[in-house]
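Trainee: Mind folding the following:
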Amino acid sequence: MASPEQLKVLDLSKEERQFIYQWFGSLLSSELTDEQIAHYQAGDFDSLFQFLAELGFHRQIDEMKTALRPQPHLRLELAADFAHCFLLEGALSAIPYLSAYLEGKALENALKEVDDWMEHYRLTVNRSHYNEPSDHISILISILIKLIESRSYQDQQQFAQNVLLSWLPQFAEKTRKPQLKTRFYPVLVELLVDFLKKDFQTG
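Mentor: Numbering: from 1, shown residues only. Take a look at the predicted model:
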């Protein structure tokens, strides 16, 4: 009988998975700088984009590349999109916090799991960089990266299902509602959800 590791849909190494989740986390933690946009436009991320496209995410990658094409005021447009998507109050944007979507026992259990793993890994929120509670999406992704590094696939899968996929589909739906200049962030979040589902054989 095949082990859970052998049954994974995506045949990726630990390092590849950590790198991809790190990429998601960095893009969701702060807006893109001029320097970062220049790296995308210079082709520095083409190998990652090609890799993700080969895993079956062609449409999302094509849309992200289209959104990053050189055009006047691109950084300002992406910064405005980041703010409209993630930084306004809940009725107007997609709040990137677990606690904005779950309630009752599901919320209680998810937050306990987050707190337990943060304590286990001695993780703290760096207030100088992230003025965020511990249930911000970028913090949750950082916990998942730690789990990939040191815990079983079953532990990772439990965290993904209880703490990430329990609300990220709703989050993705809300990112499609604000009137944005580009499709970059809605497609990024959609890609994250699709990647998680494929990585952890759900949905």
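
Trainee: what's the helix or strand harbouring residue 48 packed up against?
Mentor: Counting by DSSP states H and E, the element that carries residue 48 is helix 46-54. Helix 46-54 makes packing contacts with helix 14-29, helix 58-67 when contacts are defined by 3 or more CB pairs under 8 Å, 6 or more residues apart in numbering; DSSP states H and E. Using the backbone N, CA and C atoms, a C-beta is placed for each residue, glycine as well.

Trainee: Only the C-alpha atoms, please, for the shortest one, written as CSV.
Mentor: Taking C-alpha atoms only, helix 58-67 is exported to CSV below (Å, rounded to 0.1, in the frame of the first residue of the first chain):
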residue,chain,number,x,y,z
HIS,A,58,-1.1,27.7,-17.0
ARG,A,59,-4.1,30.1,-16.9
GLN,A,60,-3.2,31.7,-13.6
ILE,A,61,0.4,32.1,-14.6
ASP,A,62,-0.5,33.7,-18.0
GLU,A,63,-2.8,36.1,-16.2
MET,A,64,-0.2,37.1,-13.6
LYS,A,65,2.4,37.6,-16.3
THR,A,66,0.0,39.8,-18.3
ALA,A,67,-0.7,41.9,-15.2
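
Trainee: tell me the mean pLDDT for that helix?
Mentor: When pLDDT is averaged over helix 58-67, the result is 97.

Trainee: that older thread, CA atoms only for the helix holding residue 48, dumped as PDB, please.
Mentor: Extracted in PDB, the C-alpha atoms of helix 46-54 (Å, rounded to 0.1, in the frame of the first residue of the first chain):
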ATOM      1  CA  ASP A  46      10.300  32.900 -15.500                       C
ATOM      2  CA  SER A  47      11.600  29.600 -14.300                       C
ATOM      3  CA  LEU A  48       9.200  29.600 -11.300                       C
ATOM      4  CA  PHE A  49       6.300  30.600 -13.600                       C
ATOM      5  CA  GLN A  50       7.200  27.900 -16.100                       C
ATOM      6  CA  PHE A  51       7.500  25.400 -13.200                       C
ATOM      7  CA  LEU A  52       4.000  26.300 -12.000                       C
ATOM      8  CA  ALA A  53       2.600  26.200 -15.500                       C
ATOM      9  CA  GLU A  54       3.900  22.700 -16.000                       C
END
